[in-house]
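Asker: No sequence on hand, only this structure:
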């Protein structure tokens, strides 16, 4: 697994994620984290659309249970998980590019750090598996923030205009592959780790599909 | 796993897949199967793009080996696999819709059967894992055939205009989840079955990302 050596970027990424992020409520202290805020636009997909997507992904109540089981396991490991994820991004030029300054190509440390704080909350939100209109609207906002429509705005980052679509669903694999050892670190049975991992794969793929919506031509989503 | 009960469509789907499909060369006898044909347009993504996508998917030579190992295991099971996949599609209104006649909504038996023959070859091609320009051009063509640009044309099917994007990456899950028991049927070790399954997940997700290209707004792919 040499890909995952936590080769941290030379810019400072050693953000300490406070334990308060492990709580169930949105953390307004993290800049740009807007889950549940009434200022968000309404998602262009409905709860019925989500249900159909879940059906096509074989996503069931068992997956909801497995995701929720993972929350207590992951809650105090988000910083270590992010070290691995950021290590992968940092060691993959195709990916660190999207955190680069548009003019120089140099990774933007402040931008990386701002995203990282929200990323920690995203782990916990994914584990919460609470699907409602608020959740849909937040997925829509996350998608916009990858797309040229809104990338960089939250953090006023001087970065490249958008994350190319192709890398968004692709990241399902490194995110969930590297998560698996963390799921196994707190004594869950092998069968439960497998279930949690499978639920994470489905959930991340489902989310990345929703995030892709702003990239899709009219009528094609 | 009640989702996978092979509830076959009431239209006749009992196509016998001839063993010749298990051979490595394209099978020109299957109508519309055009892998390797010089008539195909050049893909809008390059081999370098593919390599970057594979990196982001953690797709390595180990996965190529695992896919190729799966070929001999799957070669005489394609018909049984397709019974399960078609059973899932048939029992999922959101999916069978895309095989429906545009006017009546009724599943189009001839269309389903024509696609099924190519689907069997797709299993073997995925297991072959030979990535070159011919392969890229064929992925491009497959993508176009899901999109309104080319859906229905190959089979002159009177069906709905396109498969919505969202279901294309999503199908990675049912395709690979239901494949796993077939990977285990010929005595491979549990570890090898896991490796083959993981390689299939990466390969199918990779292909569905490439197939999504015609859906993406200019510059976003």
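Answerer: Right, received. Where do you want to start? The shown structure was predicted, so the numbers you read here are calculated from the model rather than taken from an experiment.
Asker: for chain B, what are the nearby residues on chain A?
Answerer: Within reach of chain B by Cβ under 8 Å from any Cβ of the partner chain, chain A has these residues: A:3, A:49, A:52-53, A:55-59, A:92, A:94-95, A:147-148, A:162, A:164-167, A:169-174, A:177, A:198, A:201-202, A:205-206, A:208-209, A:212, A:215-217, A:220-221. C-beta: built from backbone N, CA, C; applies to glycine.
Asker: where do the helices sit along chain A?
Answerer: A:47-56, A:61-74, A:78-90, A:93-96, A:109-128, A:133-146, A:167-170, A:172-183, A:190-211 (DSSP state H).
Asker: and those, which is most packed in?
Answerer: Among those, the stretch with the highest mean neighbour count (mean count of other Cβ atoms under 10 Å in any protein chain shown) is helix A:167-170, at a mean of 24.
Asker: what packs against it?
Answerer: Helix A:167-170 is packed against helix A:190-211, helix B:47-56, helix B:190-211, with contacts defined by 3 or more Cβ pairs under 8 Å, 6 or more residues apart in numbering or on different chains; DSSP states H and E.
Asker: Any part of the shortest one near chain A?
Answerer: Translated: helix B:47-56. Yes - taking Cβ under 8 Å from any Cβ as the criterion, helix B:47-56 and chain A are in contact, through B:49, B:52-53, B:55-56.
Asker: cool, the last one as well?
Answerer: Yes - against chain A, helix B:190-211 shows contacts by Cβ under 8 Å from any Cβ at B:198, B:201-202, B:205-206, B:208-209.
Asker: by how many degrees do that helix and helix B:61-74 diverge?
Answerer: With axes from the mean of the first three to the mean of the last three Cα atoms, to 10 degrees defining the directions, helix B:190-211 sits at 100 degrees from helix B:61-74.
Asker: What average pLDDT does helix B:190-211 get?
Answerer: On average, the pLDDT along helix B:190-211 is 98.
Asker: Kindly report the same for the shortest one.
Answerer: Per-residue pLDDT values across helix B:47-56 average out to 98.
Asker: JSON lines please, covering the residues of helix B:190-211 next to chain A and showing distance to residue A:65.
Answerer: As requested, the residues of helix B:190-211 next to chain A are arranged in JSON lines below (distance: Cβ to Cβ, whole Å):
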{"residue": "B:198", "distance to residue A:65": "23"}
{"residue": "B:201", "distance to residue A:65": "22"}
{"residue": "B:202", "distance to residue A:65": "26"}
{"residue": "B:205", "distance to residue A:65": "24"}
{"residue": "B:206", "distance to residue A:65": "30"}
{"residue": "B:208", "distance to residue A:65": "27"}
{"residue": "B:209", "distance to residue A:65": "29"}
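Asker: quick revisit: and the helices and strands packed on helix A:167-170: which comes nearest residue B:101?
Answerer: helix B:190-211 (23.3 Å; Cβ to Cβ).
Asker: roughly how far is that closest one from the heart of the chain?
Answerer: Chain-centre distance of helix B:190-211: 12 Å, with Cα atoms, centre = their mean, to the nearest Å.
Asker: Ok, stretch A:102-116 next?
Answerer: Centroid displacement of stretch A:102-116 relative to its chain, using Cα atoms, centre = their mean, is 17 Å.
Asker: same thing with stretch A:164-178?
Answerer: Per Cα atoms, centre = their mean, the centroid offset for stretch A:164-178 relative to its chain is 10 Å.
Asker: My guess is residue A:170 contacts residue B:206. True?
Answerer: Yes - with contacts defined as Cβ atoms under 8 Å, residue A:170 counts as touching residue B:206 at a distance of 7.4 Å.
Asker: Going by distance to residue B:99, which of the residues of helix B:47-56 next to chain A wins?
Answerer: Nearest to residue B:99 out of those is residue B:53 (Cβ to Cβ; 28.7 Å).
Asker: Now do the closest one against residue B:209, distance only.
Answerer: 7 Å (Cβ to Cβ, to the nearest Å).
Asker: Check residue A:95 too.
Answerer: Taking Cβ to Cβ, one finds residue A:95 at 15 Å from residue B:209.
Asker: Need the contact partners of stretch A:198-205.
Answerer: Contact with stretch A:198-205 is made by A:57-59, A:62-64, A:66-67, A:70, A:126, A:129, A:169, A:171-172, A:175-176, A:179, A:183, B:169-170, B:172-173, B:177, B:201, B:205, as judged by Cβ atoms under 8 Å, 6 or more residues apart in numbering or on different chains.
Asker: One more pass at 6 Å, please.
Answerer: A:57, A:59, A:63, A:66-67, A:126, A:172, A:175-176, A:179, B:173 (Cβ atoms under 6 Å, 6 or more residues apart in numbering or on different chains).
Asker: between these, which is nearest residue A:110?
Answerer: The closest of the contacts of stretch A:198-205 to residue A:110 turns out to be residue A:175 (Cβ to Cβ; 22.8 Å).
Asker: Tell me who's in contact with the closest one.
Answerer: residue A:204.
Asker: cutoff 10 Å now
Answerer: Contact partners of residue A:175, counting by Cβ atoms under 10 Å, 6 or more residues apart in numbering or on different chains, are A:81, A:84-85, A:88, A:119, A:122-123, A:126, A:200-201, A:204-205, A:208.
Asker: pLDDT below threshold where in chain A?
Answerer: A:1-28 (pLDDT under 70).
Asker: contacting residues for the nearest residue to residue A:186 once chain neighbours are set aside?
Answerer: Closest residue to residue A:186 apart from its sequence neighbours, by Cβ to Cβ, 6 or more residues apart in numbering or on different chains: residue A:73 at 4.6 Å. Neighbouring residues of residue A:73 by Cβ under 10 Å, 6+ apart: A:127, A:182-188, A:192-193, A:196.
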